[in-house]
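Colleague: sequence-free structure coming up:
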């Protein structure tokens with residue numbers, strides 16, 4: 001269905017810009033023709049119907065062409081940055097691994113995988129400025145294929161999410177309305193991989209309204225961003241810091257005029273928000289979303305830095321905060337967030353019924369985050385409630401880190417949490433169950449363990465609150481309340 005829109009625009013407005021890739025302008029006609037030619041190239045391979053095709057093409061432009069061609073032929077697609085990811089995905093019925101001829105020469109796939117899976121090298125797509133494509137309808141005997149997204153796998157197992165063509169169509173329509181996309185939209189989609197929700201969802205929504213997508217994989221993307229004519233962008237905290245640092249180093253750099261910026265993938269600090277408002281744009285939105293729901297469930301425009309992290313529930317999703325019994329929490333009572341599922345949302349993980357049953361139930365998705373709602377309805381996220389911490393958009397498994405802390409310090413127990421400090425900045429808190437502080441020499445040994453975090457706080461609590469279910473596990477929810485009660 002994405003391809004159909006691109007093809008329609010190619011016939012009606014062939015010279016309109018569909019993509020700007022690393023500075024190269026690609027029209028809708030050239031884009032659609034490249035997809036058609038790739039369809040023909042893939043058809044010669046006689047791939048098995050009903051199978052998932054893995055796409056390992058690191059050039060984002062060529063990757064999009066291959067994905068849309070395969071879906072047009074009726075295949076489900078999944079993208080990987082490296083074939084080493086494939087085994088961890090535990091996919092069934094893989095019909096082959098698609099790459100381009102030039103990437104196969106530059107970065108050949110390891111011999112072990114050649115033995116396991118069929119490797120299909122397709123010609124590199126060409127983006128000519130000729131006439132519109134000849135083929136417009138889907139070639140797939142079983143309709144349009146879908147796409148598989150997957151999470152970061154910080155818990156050791158990837159969670160896979162299938163988006164069908166019909167779900168994609170509904171999600172595109174929803175995002176177009178929420179983000180006010182139009183044919184004049186120039187959406188900076190950065191270098192996000194197509195295995196991520198942000199990498200896969202933003203571009204199709206823009207193409208649906210015949211807008212322009214910017215894909216940029218250049219090391220000096222920061223300089224080009226400021227002169228790209230961007231009207232919409234979604235950037236993670238790390239990229240925002242890189243962009244602002246480049247502007248600080250070169251005072252002649254000026255921000256684009258009147259563009260809308262969505263900060264996502266981790267909450268930004270008050271100081272970073274102030275820099276964005278001063279240097280980049282006054283149209284700054286902070287949002288909270290998940291791969292499973294694939295649209296911002298909470299989002300607010302930043303107008304008051306004191307309210308930076310209090311977000312309004314999206315009108316397209318019902319968001320609730322519940323206690324341990326499943327009852328909706330009172331105002332200012334901390335609890336667990338859940339999001340009402342709609343028809344276009346994921347309702348289960350692929351090949352993972354056990355985990356699916358835990359997080360998809362009663363028509364809601366339970367992401368495992370804690371939150372609190374205040375009287376005006378706005379919600380503040382309080383961090384993860386289970387086995388990962390989310391620090392500036394990056395997820396980290398806590399179990400191995402907690403084990404190392406316990407072993408190095410010789411304490412009874414240790415727990416790791418992420419949250420926001422009084423300054424509104426992401427921080428990691430190490431809670432130690434001990435009657436007195438460990439020796440400083442022992443604490444110094446932990447330096448290498450936390451090299452990835454620049455905001456660390458230690459808290460000593462004895463004893464930790466524990467469950468009363470018989471196993472006496474640490475009650476992480478109650479412990480978190482103790483640690484952050486002063487904020």
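Modeller: Done, it's in. Every value quoted in this text rests on a predicted model; they were computed, and no experiment measured them.
Colleague: can you map out the strands along the stretch 251-400 of the chain?
Modeller: 260-263, 283-288, 298-301, 319-322, 335-340, 360-361, 364-365, 369-373, 379-384, 388-391, 394-397 (DSSP state E, counting those that start in this stretch).
Colleague: give me the contacts around the fourth one.
Modeller: When contacts are defined by C-beta atoms under 8 Å, 6 or more residues apart in numbering, strand 319-322 is touched by residues 297-298, 313, 328-329, 333-340, 364, 371-373, 379. For every residue, glycine as well, the C-beta is placed using N, CA and C.
Colleague: quick check: phi and psi on residue 45?
Modeller: Dihedral pair for residue 45: phi -90, psi -10, per degrees, to the nearest 10.
Colleague: ok, it - contacts?
Modeller: Neighbouring residues of residue 45 by C-beta under 8 Å, 6+ apart: 96, 120.
Colleague: can you add distance to residue 231 and give the strands of the stretch 251-400 of the chain back as CSV?
Modeller: Output for those, formatted as CSV (distance: least, C-beta to C-beta, whole Å):
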stretch, distance to residue 231
strand 260-263, 7
strand 283-288, 10
strand 298-301, 16
strand 319-322, 28
strand 335-340, 28
strand 360-361, 35
strand 364-365, 31
strand 369-373, 31
strand 379-384, 28
strand 388-391, 29
strand 394-397, 28
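Colleague: pop the domain breakdown of this structure in here.
Modeller: Under the assignment automatic domain parsing, the domains of the chain span 2-286, 398-484.
Colleague: just say which of these is most tucked in.
Modeller: domain 2-286 (a mean of 18; mean count of other C-beta atoms under 10 Å).
Colleague: start and end of it, how far apart?
Modeller: Terminal residues of domain 2-286 lie 28 Å apart, using C-alpha to C-alpha, to the nearest Å.
Colleague: please apply the same query to stretch 107-122.
Modeller: Start-to-end span of stretch 107-122 (C-alpha to C-alpha) is 14 Å.
Colleague: same question for stretch 244-264.
Modeller: Span of stretch 244-264 from end to end, C-alpha to C-alpha: 16 Å.
Colleague: pLDDT weak spots in the stretch 251-400 of the chain?
Modeller: By pLDDT under 70, the low-scoring segments of the stretch 251-400 of the chain are 252, 265-267, 383-400.
Colleague: now do the same contact list for residue 333.
Modeller: By C-beta under 8 Å, 6+ apart, the residues touching residue 333 are 321, 323, 372.
Colleague: mind giving me the ChimeraX select for those residues, buried ones only?
Modeller: Restricted to buried positions by 16 or more other C-beta atoms under 10 Å, the ChimeraX selection for these reads:
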select :321,372
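Colleague: low-confidence bits of the stretch 1-150 of the chain, can you list those?
Modeller: Where the stretch 1-150 of the chain drops to pLDDT under 70, the residues are 111, 113-115, 129-142.
Colleague: try it again at 80.
Modeller: Flagging of the stretch 1-150 of the chain using pLDDT under 80 yields the residue ranges 1, 109-117, 129-143.
Colleague: what segments of it are strands?
Modeller: All strands of the stretch 1-150 of the chain, identified by DSSP E, counting those that start in this stretch, fall at 17-21, 24-27, 52-55, 76-79, 94-100, 119-122, 147-150.
Colleague: quick one: which of those strands is nearest residue 426?
Modeller: strand 147-150 (24.1 Å; C-beta to C-beta).
Colleague: next structured bit after that closest one?
Modeller: Using DSSP states H and E, the helix or strand that follows strand 147-150 in sequence is strand 160-163.
Colleague: so residue 405 touches residue 429, yeah?
Modeller: No: judged on C-beta atoms under 8 Å, residue 405 makes no contact with residue 429 at a distance of 11.9 Å.
Colleague: what sits in contact with each of these two?
Modeller: Common neighbours of residue 405 and residue 429, using C-beta under 8 Å, 6+ apart, are residue 416.
Colleague: quick revisit: ok, which of the strands of the stretch 251-400 of the chain comes nearest residue 106?
Modeller: Closest of those to residue 106 is strand 394-397, at 28.3 Å (criterion: C-beta to C-beta).
Colleague: could I get the strands of the stretch 1-150 of the chain as a markdown table with distance to residue 190?
Modeller: Formatted as a markdown table, these follow (distance: least, C-beta to C-beta, whole Å):
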| stretch | distance to residue 190 |
| --- | --- |
| strand 17-21 | 12 |
| strand 24-27 | 16 |
| strand 52-55 | 19 |
| strand 76-79 | 15 |
| strand 94-100 | 21 |
| strand 119-122 | 25 |
| strand 147-150 | 17 |
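Colleague: which of these sits closest to residue 293?
Modeller: Closest approach to residue 293 among the strands of the stretch 1-150 of the chain is made by strand 147-150 (11.6 Å; C-beta to C-beta).
Colleague: ok, back up a step: residue 347: which of the domains of the chain is closest?
Modeller: Taking C-beta to C-beta, domain 2-286 is the member of those nearest to residue 347, at 9.8 Å.
Colleague: how far is the closest one from where the chain is centred?
Modeller: Centre-to-centre, domain 2-286 and its host chain are 12 Å apart (C-alpha atoms, centre = their mean, to the nearest Å).
Colleague: coming back round to it: among the strands of the stretch 251-400 of the chain, which comes closest to residue 205?
Modeller: If you check each of these against residue 205 by C-beta to C-beta, strand 260-263 wins as the nearest, at 12.6 Å.
Colleague: show me what that closest one is packed against.
Modeller: Strand 260-263 makes packing contacts with strand 232-235, helix 270-279, strand 283-288 when contacts are defined by 3 or more C-beta pairs under 8 Å, 6 or more residues apart in numbering; DSSP states H and E.
Colleague: can you tell me what sits against stretch 438-446?
Modeller: Counting by C-beta under 8 Å, 6+ apart, 404, 405, 408, 409, 410, 411, 430, 432, 437, 458 sit against stretch 438-446.
Colleague: what's the offset of that stretch from the middle of its chain?
Modeller: 36 Å.
Colleague: for it, what is the average pLDDT?
Modeller: Across stretch 438-446, the average pLDDT comes to 72.
Colleague: quote the end-to-end distance of that stretch.
Modeller: One end of stretch 438-446 to the other measures 12 Å (C-alpha to C-alpha).
Colleague: again with stretch 78-88
Modeller: Chord length of stretch 78-88, first to last residue, is 13 Å (C-alpha to C-alpha).
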